[in-house]
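Participant: Make a model of this:
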Amino acid sequence: MHGCALAVKGRAVLFCGASGAGKTTTARLWRRLRPGTGVLSDDRVVVRGAAGGFRAHGTPWHGSGRYAQPAALALAAVFFIQHAAKSAAVPLPLAEAAGEVFARSFPPPWDARVTATVLETSARLAAGVPCFRLGFTPDASAVEAVERALRAPRR
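Facilitator: Sure, this is the predicted structure:
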């Protein structure tokens, strides 16, 4: 997926967005404000189904921050980043979350079987992992909004 995966309290938190949305900035913020935060990748992350959920895997394909770590962690949540005047995390409805997951994936359009598998996996991920729209300002408020969302009870 096109995203930045951070190691937060022993689990992966995935931040997805288009180029320029704030993935590398998010990695830098967390590293500065929450020392010890690991970055699996700041641009491309492999997400795979696993027993009991999904796992995010670091890749060697880093972004401009040059963060890459060969580790895999259980996926705790997915945040879809968009620039905003105020940082806030809002839970996404299932269909919207599944569409966002698919839009940030890299299925080969020439292979209908693989594309169908990615569509099905997108739906399973959206149903099994909390997904949020993250209004993002590049400051501590973005980190705090994510931490609040991670603590909130699941609907």
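Participant: Give the closest residue to residue 3 in space, chain neighbours not counted.
Facilitator: residue 16 (3.8 Å; CB to CB, 6 or more residues apart in numbering). In this view, the C-beta of every residue, glycine as well, is placed from N, C-alpha and C.
Participant: The one you found: what's it in contact with?
Facilitator: With contact taken as CB atoms under 8 Å, 6 or more residues apart in numbering, residue 16 is in contact with 1-3, 23, 78-81, 100-101, 104.
Participant: redo that, cut-off 10 Å
Facilitator: 1-5, 23, 45, 47, 78-81, 100-101, 103-105, 131, 134 (CB atoms under 10 Å, 6 or more residues apart in numbering).
Participant: Just the buried ones from the residues you listed?
Facilitator: The neighbour count (16 or more other CB atoms under 10 Å) marks 1-5, 23, 45, 47, 78-81, 100-101, 104-105, 131, 134 as buried among the contacts of residue 16.
Participant: Helices - which of these land there?
Facilitator: Among the buried ones among the contacts of residue 16, DSSP state H puts 23, 100-101 in helices.
Participant: What is the burial count for residue 125?
Facilitator: 24 (other CB atoms under 10 Å).
Participant: Could you do the one 3 residues further on as well?
Facilitator: Neighbour count for residue 128, taken as other CB under 10 Å: 13.
Participant: For the helix or strand where residue 96 lies, name the packing helices and strands.
Facilitator: Under the criterion of DSSP states H and E, residue 96 resides in helix 94-103. Counting contacts by 3 or more CB pairs under 10 Å, 6 or more residues apart in numbering; DSSP states H and E, helix 94-103 packs against strand 11-16, strand 72-83, helix 112-128, strand 131-136.
Participant: what's the most buried one of those?
Facilitator: strand 11-16 (a mean of 24; mean count of other CB atoms under 10 Å).
Participant: Okay, now the sheet partners of that one, with direction.
Facilitator: strand 3-8 (antiparallel), strand 72-83 (parallel) (DSSP bridges).
Participant: For residue 146, which of those is the nearest?
Facilitator: For residue 146, the closest of the strands paired with strand 11-16 is strand 72-83, at 6.3 Å, according to CB to CB.
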